[in-house]
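*Asks:* Predicted coordinates and the sequence they were generated for:
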Amino acid sequence: MPGAEKLGPDSLDGLVLVSNPAVTPDGRYILYTAARVSLATDSYESSILAVKVDSGEQIVLQSGPRDSCPVPSPDGRRYVFARKVEQRDRRGNKLPGIELRLASLDAPGASQLIARVEGIVSLSWSPDSRRLAAALPMGRPDEDVKEIETLPVWFNGKGFVYKTRIEPFIIDVDSGIMERIELGLNWLQVSDVAWSPDGKKIAISVAADMLRPYLLDVYVYDVENGEAHVVAQGLRGYGELAWSPDSKLLAYLGHRGERGFSSHQKIMLLNPETGGLECLTCSLDRNAVNTVNSDVRFRSCLKKLQWTIRGIYFLVSDSGRVILYRVQPGMEPEPVLDPGEAVVDEFSASRDGSIIAYTLMTPVDPKELYLYRGMEARRLTRHTEAWKRRYKLAQPRRFSFRASDGATVEGWVLPPPEGVEQRGWVLYIHGGPKTMWGYGFMHEFHVLSNAGYTVVYVNPRGSDGYSEDFADIRCRYGERDYMDLMEAVDYVVKQLGLPKSRAAVMGGSYGGFMTNWVIGHTSFFRAAVTMRGISNWISMYGTTDIGWYFVEDQLCCTPWRRSDLCWEKSPLRYADRIETPTLIIHSNEDYRCWLDQALQLYTALKLRGVETKLAIFPGENHDLSRSGKPRHRVKRLQLILDWLNKHIPGARNED
Ligand SMILES: CC(=O)N[C@@H](C)C(=O)N[C@@H](C)C(=O)O
């Protein structure tokens, strides 16, 4: 019977993650990646497929199992893609390895090696389809003792990066010959490269100040004479670039740091001749990127903004939804594709903007590929249909309430599916804090709901999807954000009737920080699960890969300047008040929130006699719940259910 199976932790097996829709510039084909989660091989088996836009015919271009990220050439005849390969140094240490390969759309399967690289940060074809501009990480750590004289030292998922410079190159795709673009910088981390439509220039955004790597400069490199000059300095944000169709102007995705790391990403118009900079999306007061949380994504290498003859396309996070927008210089931004209660997760537009390929998800539909043409949206793939038919998925309900300071706060409730008795409920706090819950698919939520737990997820102050002011909780962590969450708890108990003695709290990263904070400030919850969390801002400083400046920017302190503030805002400071049984889940290669964050909390709880358990996942990083080894993901979910079931036992009675 369809929908009869319980969606348990191992339901991850066989789920297909559709990603990276890339339309050929002529609009004839849409290339994409399909990655099947396999518990048997404990991997994501990824292949590259294409759909012919006119006939809908599906073609397997590369059958994998480790191929992804197709980037079609401007002439629409070829594409490059990434093949993950295993590399080891002489001591047997694992090294990141990617083969950049070239293939023809007419010859499925055949491909030619262009280069072996350690990663690909950005690629941009030359308009004649013969060369690529590329930003590539160069330089490996010492094999034995690490002798470090630079910053940053490490990065989540990559390991040691202290010798890594991300440099710009031009690659001849037929011969594989790579030529470095010289910018004359000693230290550099390129974030994006963009080849101009007239073929004459390559725009490069680059961090050049090792001690302030969040500052980006934009260079324009003259392909003919090999000279580069700076056209903008000291910008911030993602730093993605797109040329106007006439090759005169640049669109820049980022900001000027108006609210530090709480600033919205904006589309800025940059005139490389005059250095003039104009914000095209400030009137929106929304983040011009997709920040919705989901655990069914596979890596993507699409540009976040694209300039076609119809304007500059980009995604906007808005109240849990993600909408495709467009803006033209001198005009107001306008929504092009508003999916309603859904998320346009990634997109790619043909050269004339008449065809848009995108992936779409909803809270009950994992991602599939769609086509938007002539004001009509059409679904092109059904990779997840058979998987979905096996299970019963409940539909979440949105709610909003007026917080005690008058602001409107939004949240959702995902009950158990029909026929499953409610055992209790979970307040699930997202990370960031500048991300949002909303209409993204969360496999983990359905696992909880199928086990009888209603999932309550709220966007408190600090979240994305609203105004820049709403997202800005700098120097005030644990204040208004905490109040919003606890007021939401009050609302769901009083207005939605959730049983007050059957609640648990959980969250990851900033959500782990907030879980730790919550249990240090209230004993309302029967159980807590804190994951990849933060317990001590003093030891977070200088260890996290998101930069020492993150703590200073968000908490307004360093260990030697206002350390009292760092400590006041550290959950560990309140460990003597914690009574809630707490499961701590952490990865031993989490370079974002180091293992010490978990260990310090675990030790404190153990010494104080609070029931606790620490689960350390070997070989995993900060992204365990989203892209960890499938068997580890299943184990993690099982540990969470076991903890909840132990502390919220039996059927509901009181309340
Ligand atoms: C900016 C950032 O990465 N902050 C982390 C502490 C965090 O909360 N990350 C979130 C996005 C997560 O879920 O891992």
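*Replies:* Looks like it arrived, so ask away.
*Asks:* In PDB, list the C-alpha atoms belonging to the longest strand that the chain contains.
*Replies:* Counting residues, the longest strand found in the chain (DSSP state E) is strand 228-243. Provided in PDB are the C-alpha atoms of strand 228-243 (Å, rounded to 0.1, in the frame of the first residue of the first chain):
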ATOM      1  CA  ALA A 228      44.900  43.900 -14.400                       C
ATOM      2  CA  HIS A 229      43.700  46.900 -12.500                       C
ATOM      3  CA  VAL A 230      41.500  47.400  -9.500                       C
ATOM      4  CA  VAL A 231      38.100  48.800 -10.100                       C
ATOM      5  CA  ALA A 232      36.600  48.600  -6.500                       C
ATOM      6  CA  GLN A 233      38.000  48.100  -3.100                       C
ATOM      7  CA  GLY A 234      36.900  47.100   0.400                       C
ATOM      8  CA  LEU A 235      33.600  45.500  -0.600                       C
ATOM      9  CA  ARG A 236      32.100  42.700   1.500                       C
ATOM     10  CA  GLY A 237      29.800  39.800   1.100                       C
ATOM     11  CA  TYR A 238      29.800  36.900  -1.300                       C
ATOM     12  CA  GLY A 239      31.600  38.800  -4.100                       C
ATOM     13  CA  GLU A 240      30.000  37.100  -7.000                       C
ATOM     14  CA  LEU A 241      30.200  39.000 -10.300                       C
ATOM     15  CA  ALA A 242      28.200  39.100 -13.600                       C
ATOM     16  CA  TRP A 243      28.900  41.300 -16.600                       C
END
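*Asks:* How about residues contacting the next helix or strand after that strand?
*Replies:* As assigned by DSSP states H and E, the chain's next helix or strand after strand 228-243 is strand 250-255. For strand 250-255, contacts defined as C-beta atoms under 8 Å, 6 or more residues apart in numbering pick out 194, 203, 205, 216, 218, 231-232, 235-244, 263-272, 277, 280, 288-289, 304-305, 307, 312, 314. Every residue, glycine included, has its C-beta placed from N, CA and C.
*Asks:* Can you flag the buried ones in those residues?
*Replies:* 194, 203, 205, 216, 218, 231-232, 235-244, 263-270, 272, 277, 280, 288-289, 304-305, 307, 312, 314 (16 or more other C-beta atoms under 10 Å).
*Asks:* So Ala40 lies in a strand, does it not?
*Replies:* No: looking at Ala40 with DSSP: H, G, I helix; E, B strand; the rest coil, it is coil, so not inside a strand.
*Asks:* Parallel or antiparallel, which strands does the longest strand of the chain pair with?
*Replies:* strand 216-222 (antiparallel), strand 250-255 (antiparallel) (DSSP bridges).
*Asks:* Quick check: the closest residue to the ligand within the chain vs Asn293, distance?
*Replies:* Of all residues in the chain, Gly431 sits closest to the ligand, at 2.5 Å by C-beta to the nearest ligand atom. To Asn293, Gly431 is 7 Å away according to C-beta to C-beta, to the nearest Å.
*Asks:* Same question for Glu86.
*Replies:* Glu86 is 30 Å from Asn293, by C-beta to C-beta.
*Asks:* ok, these two, which is more surrounded?
*Replies:* Taking neighbours as other C-beta atoms under 10 Å, Glu86 and Asn293 compare with Asn293 leading, 25 against 9.
*Asks:* What residues does the stretch 451-600 of the chain have near the ligand?
*Replies:* Within the stretch 451-600 of the chain, the positions lying close to the ligand (C-beta under 6 Å from any ligand atom) are Gly508, Ser509, Tyr510, Ile546, Arg592.
*Asks:* Where does pLDDT dip in the stretch 551-655 of the chain?
*Replies:* 651-655 (pLDDT under 70).
*Asks:* correct me, but Met178 touches Pro168?
*Replies:* No: between Met178 and Pro168 there is no contact under C-beta atoms under 8 Å: 10.6 Å.
*Asks:* Find the residues that touch each one of the two.
*Replies:* In contact with both Met178 and Pro168: Ala134, using C-beta under 8 Å, 6+ apart.
*Asks:* The two: who's more crowded?
*Replies:* Pro168 (26 against 16).
*Asks:* show me what contacts the nearest residue to Tyr391 once chain neighbours are set aside?
*Replies:* Spatially, and ignoring its direct neighbours in sequence, Tyr391 is nearest to Leu7 (4.2 Å; C-beta to C-beta, 6 or more residues apart in numbering). Listed by C-beta under 8 Å, 6+ apart, the contact set of Leu7 reads Tyr391, Lys392, Leu393, His446, Val447, Asn450.
*Asks:* If the first one is in a bridge, with which residues?
*Replies:* Pointing back at Tyr391 there. According to DSSP bridges, beta-bridge pairing links Tyr391 with Glu5.
*Asks:* any idea where the helices of this structure begin and end?
*Replies:* 385-389, 443-450, 468-471, 480-494, 510-521, 537-540, 548-555, 563-568, 595-608, 624-627, 630-647 (DSSP state H).
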